[in-house]
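K.L.:
sharing a model that was predicted from the sequence below.
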Amino acid sequence: MNALPDPVTLSTTLPPLSAGWGTVPKDRHVNEAEPVIACRNLWKVFGDRPDRILSRLNCNPSAEELRQSGLIAAVRDVSLTIGRGEMLVVMGLSGSGKSTLVRCLSRLIDVTSGAIIVEGRDIGAMTETELIDLRRRKMGMVFQSFGLLPHRTVVDNVAFPLEMRGQDRSTRIARAMEMLELVGLKGRESYFPRELSGGQQQRVGIARSLAVEPEIWFLDEPFSALDPLIRREMQDEFLRLKGMLSNTIVFITHDFDEALRLADRIAIMKDGAVEQCDTPERIVMSPATEYVAKFTSAVDRSRVVRAAALAIPAEGTGAEGQPVAAGQTLRDLARLIVSDSRAFIPVADAQGHVIGALDRQRAVDLLLGEPA
Amino acid sequence: MTAGQARVAWGLVALAAALVMLRESLPSGLVRPPEWMVLPFADWINAAFAFLRDDLGLMTLTRAFSDVMEACLDVTANLLYGKNRWPHLGPIPWSVIAVSAGMVGFALGGWRLAALAGGTFVWIAVMGQWQWAMETLSVILVATPFSVALGLGFGVLAWRSQAFERLLNPILNIAQSMPHFAYMIPVVVFIGVGPKAAAIVTIIFSVPPMIRMTLLGLRKVPPEVVESGKMSGATRWQLLTRVRIPTARTDILIGVNQVVMQCLAMVVLASFIGMPGLGQKLLQLLQALKIGLSIEIGITIVLLAVMLDRLSKAWAMKQPVHHMPGVRWIERHRLLLIWLGLVALTSALAWLHPYFIEVERKQALSMAGPVDASMKVFIRAMTPVTEWLRWFLITWVLIPLRDAFLWLPFAAVLLLLAGIGWAVGGRRSALVCLAFFLPIAMSGWWDRAMITVYMVCVSVLVAVLIGVPAGLWGAARPVRAARLLFLCDTFQTFPSFIYLIPVVMLFGVNDVAVVASVVVFATVPIIRYTIEGILGVPPEIVEASSMSGATRGQIMRHVQLPLALPTMMVGANQSVMFSLFMVIIAAFIGTQDLGQEMQRALSSTDVGKGLVLGFAVAFMGLMVDHLILRWSDGRHRSLGF
Amino acid sequence: MQRKVLLLATTASLGLCAAAAWAEDSSDPIIIPIHNWSSQIVMSNVIGQIFESLGDSVEYVPTDSQAVYEAIRLGDVTFEPEVWEGAYGASFTAAVEKGGIHDVATHDAVTREDWWYPMWTKEACPGLPDWQALNECAALFVTPETGDKGRFLGGPVDWLKHDQEKVDALGMNFVVVNAGSAAALWAEISAAEEQQKPIVVFNWTPNFAEAVWPGEFVEFPAWEAGCDTDPSVGPLPDKTYDCGNPANGYLKIAAWDGMPEKWPAAYAVLQQVNFTNAQIAEMAKMVDVDGMEPEDAATAWLEANEDVWRPWVE
């Protein structure tokens, strides 16, 4: 249902549904060579006349220095590249600048300095018309407190972006109904937002953001305003949707577990700067800074680390027999790891090709904690 | 208040006191504004207006605008009371309007609103006031949409451009504190008299709250809603019309509610320049001393106000409700169909019997006889009390006070105000006070302004003496509070002119009568804000004090009153505003203050004089407003809520 | 009401034909001002209904009685049937000087405005209506606000009645207190009536008060032209205002300069319109005492007084 750019990508981006999306994110085809969004040395400084400080930005002033001159740096010297089809989760505590960053990427706010290239075009240089056109065709966004229009019914909310780009009523209603069905809100189309629960409202928000088939999908803490139980349910729902789509995703959250659960790559932010940007495993296995380590220390690594991450070249290990799936976490494989007698266990990708071998002793250490 | 601030403030007050002590030996330039200080503002304004009107040809523009207005007025006049104009359809029978209003009430708020809305129109019809009420409504019906549209437009502009907002804000402040008569005069000059002039004055008077509510509403739109609109690819115009304004709906509709209420407040006053209908009839009846009939009209105005207030509030608060899919058209439009049926039924009744088209005066019910009789009995019974009160207040309170106010050297008054300003808000407030009061001294109306000040002071004082105990008594029980607030609303909406006559009958033409009539209005906000203040004290604080063993009296004195004081001061602020308005109207009893001059300026259409007097009154109000709000803000902050 | 107008139209059809024969009136409505006293409203309605019987369309607009002259000058209002010399003479003359308004005709009715008392006052002060007798009774009129002097309740200041000057010139033991409106005057009289308390107020004729409270004007030294400006005129050689107000002020009809051209037939009738004191008092009474609506009172008056107005249309 989502018109994809080319059939080649289609075959590679759509994972086998049986495996479940959360479990095999690495199979999602990420084309690093073709960045959808690239930003370089991005600065966003709030305060009176931030341009005065612009010349000094190259010297990379610290947050403290800026605060002394009455300015607040919400985004400090951020450079990121997001490949086609990738899902980047930006994680940070409140005030870390993650929401500002996503608003810069969508140009809801103008950056102070730096460039943002979306599909080869600098969006900072776009005219308002071009920007509106870009949003109407390529972008969708989901908001923390939903941002629904209170005076419109659910279906009219979902159809709103289509209305903006001038589609006729019957087409856009048909499309909106399709989206509502996708997010499981069939039958609620004539309700008003205030008549729905929080989770349902966010489903409307998701349906709306997907109505224009966006190539780039921004989600700004979409589940933070929801109860823990609903949040879990919505995450599952999100993973299901993600499995059916192939768009590039930028997902903001303050919840490290959520980040681990959903991300291809995680960017951890602090005081406006990116502390570390890497795959969940690598962040967990080798945190780059103390700050990142604080998050990872409490994490049960076995739930994050996948077989693929521990795989070493199979040659010479003598690994044979039934392989384990590359996308499975050690926790998923716990029983097997503990009870199996092989020293090395082959690891196979989704197509069944063996890509390496898992050192069982290392896996046991990780599962039970390093020996003291 | 910092120590330094207190020192300067006391210094200024002491200086003022010294001037008062030494009054007899002061040079006359400090006692009264010296001649070089008094500037001919009125002449300047008149010259400016003459230039605008004659040389710039603004007249053609205003006339063109008023012609548009007139065309609209003709339509509503035809529909409502059958004035011989296009579209030649009216008059709509009263019974049809009554059932329609009832249906609107039902749709917005159920049976109670239906009864209120329908009942109001039935009352108007059977009391034989149909023609007058429709004349009034025909103007309001035109003025309201214009006001709403203008307010929305200006509100959006002010929201878009900070510079424009900064320009608009002081204008709105002055417009909202200027006595109504002051801006009627320029309207008479530019538009003339008649319903269109009345409509325009009504529009000018009712636009400011709409602008403010629009601005407030647009500011309150959640940023995420706006961002979601932007991300949906909305252009600025789409964002404004389909995202921001609809989302600000409730605030904007509260603005509409305020517009309607302001329009109704103008019903009587605008009849001085040609508003037909209830207001004009009311003044005629009062002129012929027909109290009973005027009270009937007063009740009609109150009923209309209450009805329109409740309807528009219900509309503002009403949230859309969905229909399940598959519900048939008939069921979705059940109310519409019932309404059409009722209209058909009442039209048939009207066709059968003219009583259902319009109740003629001869067929009308009236309670004027008994009302007049009981008024007579009441006045007779009260006479011994009022005679004594009049003697006592005039001889021992009012005349000495008034002489004292007039005796004060003007320099001492200015210093005192600066001192108060300094105490409340430092140098800035002191300068604000002077900036507001110095022009009054420079206008050449010092003595009259002091008489106005004296009457407002006395009235607000009396209002506090009555209002605070009444408010405390009312706040003790929620039911009582609700009833008292309802009474306050009624007193406030009742046309002020009606109070003037009984007050003159009781006290005669003198300051007692003026103060009495002003107090009626000035007490209302004091009661309301006292109740609000007391009820607003967090219950856990009261509970904590009871658990500390405080008696009810102690709780009142040590907990509730101090915490409610900032809110009560806001009431005092409003009380001053209401008093200023009413003192001007009380000129119809007979005063020697700014109000009397204002009346003269109106009858001689002297724009310059009228505006100068209007500004003088507005400046007094704004100064008090600044001082009280400043104080109460600081207090609220230091109390931490 | 409209039906009655139609009836009237047929009775007046003769006059209509005659009038319509020599000129065509504009179809725009003739704007008649309505003020806040009943005789003026009834008179406006009487004249308006006569105009309607000529085929003209007529509209009534409530207007301030001082501001109306400015409105007539600009053509917003077509004519004013009651121009009182005492109250509005100044505004009228000023407007005439500016241009755009002119004097159409003068009623037979004379107006008088002066100190007045209701009859019960005479019981307490039997020497009335002589002003010197009133001055001797000054103590009867004492109020708290006037101290030991009697109170004279004057009309609103903007009526410019020079009562204080009169008190000063004649050395009277009175203080002038100005009421803010006519309604305040009536309220005071009505309250005084309750207790039969002596009261002396500003009043004028013709108006409805005469019918409700019988009373008399105080007799001051008779008005002579120049009494208000020339000290030598009047009984006291060195004072101005040492006399009463004119006992026979004019009551005029004023019209917009454009009226004769735009509504020639109506204007011709207006030139003939002429009321007497008795007629005006009767009209006021129909509304103020009998409680009729002004429109109905006008219709009733026209029905009862055909002999009076028929000659105006012919």
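P.N.:
That came in fine, so what should we check first?
K.L.:
share the number of residues neighbouring residue 64, please.
P.N.:
Chain wasn't specified; assuming chain A. Counted with other CB atoms under 10 Å in any protein chain shown, the neighbours of A:E64 add up to 9. For the C-beta atoms, the positions are set from N, CA and C on the backbone; glycine is no exception.
K.L.:
I was thinking of chain C, sorry if that wasn't clear
P.N.:
So C:D64, with other CB under 10 Å, has 21 neighbours.
K.L.:
and for B:G467?
P.N.:
Counted with other CB under 10 Å, residues neighbouring B:G467 total 28.
K.L.:
does it sit in a helix, a strand or a coil?
P.N.:
State at B:G467, reduced to three classes by DSSP: H, G, I helix; E, B strand; the rest coil: helix.
K.L.:
for B:V468, give me its contacts.
P.N.:
By CB atoms under 8 Å, 6 or more residues apart in numbering or on different chains, the contact list for B:V468 reads B:526, B:530, B:568.
K.L.:
if I look at B:I379, how far off is chain A?
P.N.:
Distance, B:I379 to chain A, using CB to the nearest CB, to the nearest Å: 55 Å.
K.L.:
setting aside sequence neighbours, what's the nearest residue to that residue?
P.N.:
Nearest non-adjacent residue to B:I379, counting by CB to CB, 6 or more residues apart in numbering or on different chains: B:M505, 5.3 Å away.
K.L.:
right, and B:V256 touches B:V148 too?
P.N.:
Yes: assessed by CB atoms under 8 Å, B:V256 is found in contact with B:V148 at 5.5 Å.
K.L.:
quick check: neighbours shared by those two?
P.N.:
Common contacts of B:V256 and B:V148 (CB under 8 Å, 6+ apart): B:M210.
K.L.:
ok so, going back, need the contacts of B:V468 in TSV with pLDDT and distance to chain A, can you?
P.N.:
Shown next, in TSV, are the contacts of B:V468 (pLDDT from 0 to 100; distance: CB to the nearest CB, whole Å):
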residue	pLDDT	distance to chain A
B:I526	95	38
B:T530	94	35
B:M568	92	36
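K.L.:
which residue is nearest the centroid of chain C?
P.N.:
Residue closest to the average C-alpha location in chain C (CA atoms, centre = their mean): C:W84, at 5.2 Å.
K.L.:
contacting residues around that one?
P.N.:
C:111, C:113, C:204, C:249, C:251.
K.L.:
can you tell me how far it is from B:A430?
P.N.:
Per CB to CB, to the nearest Å, C:W84 is found 52 Å from B:A430.
K.L.:
B:M134 too?
P.N.:
Noted for B:M134: a distance of 53 Å to B:A430, by CB to CB.
K.L.:
the more surrounded of the two?
P.N.:
More crowded of B:M134 and B:A430, by other CB under 10 Å: B:M134, with 27 against 23.
K.L.:
next one, pLDDT for the more buried one please.
P.N.:
Looking at B:M134, its pLDDT reads 94.
K.L.:
what are the buried residues along the helix or strand harbouring it?
P.N.:
If you go by DSSP states H and E, B:M134 is part of helix B:130-160. Buried residues in helix B:130-160, counting neighbours by 16 or more other CB atoms under 10 Å in any protein chain shown, are found at B:130-144, B:146-148, B:150-152, B:154-159.
K.L.:
over to stretch B:543-563?
P.N.:
Buried positions in stretch B:543-563, judged by neighbour count with 16+ other CB under 10 Å: B:545, B:550, B:555-556, B:559-561, B:563.
K.L.:
what do you get for stretch B:347-356?
P.N.:
Buried-residue list, stretch B:347-356, by 16+ other CB under 10 Å: B:347, B:350, B:355-356.
K.L.:
go on, stretch B:241-248?
P.N.:
Residues of stretch B:241-248 classed as buried: B:242-248 (neighbour count, 16+ other CB under 10 Å).
K.L.:
ok, so of these, who is nearest chain A?
P.N.:
Minimum distance to chain A across the buried residues of stretch B:241-248 is 4.4 Å, recorded for B:P246 (CB to the nearest CB).
K.L.:
tell me the contacts of the closest one?
P.N.:
If a contact means CB under 8 Å, 6+ apart, then B:P246 has A:149-152 as its contacts.
K.L.:
for chain A, see how far away the nearest residue to B:K290 once chain neighbours are set aside is.
P.N.:
Among residues not flanking B:K290 along the chain, B:A368 sits closest, at 6.9 Å (CB to CB, 6+ apart). Noted for B:A368: a distance of 48 Å to chain A, by CB to the nearest CB.
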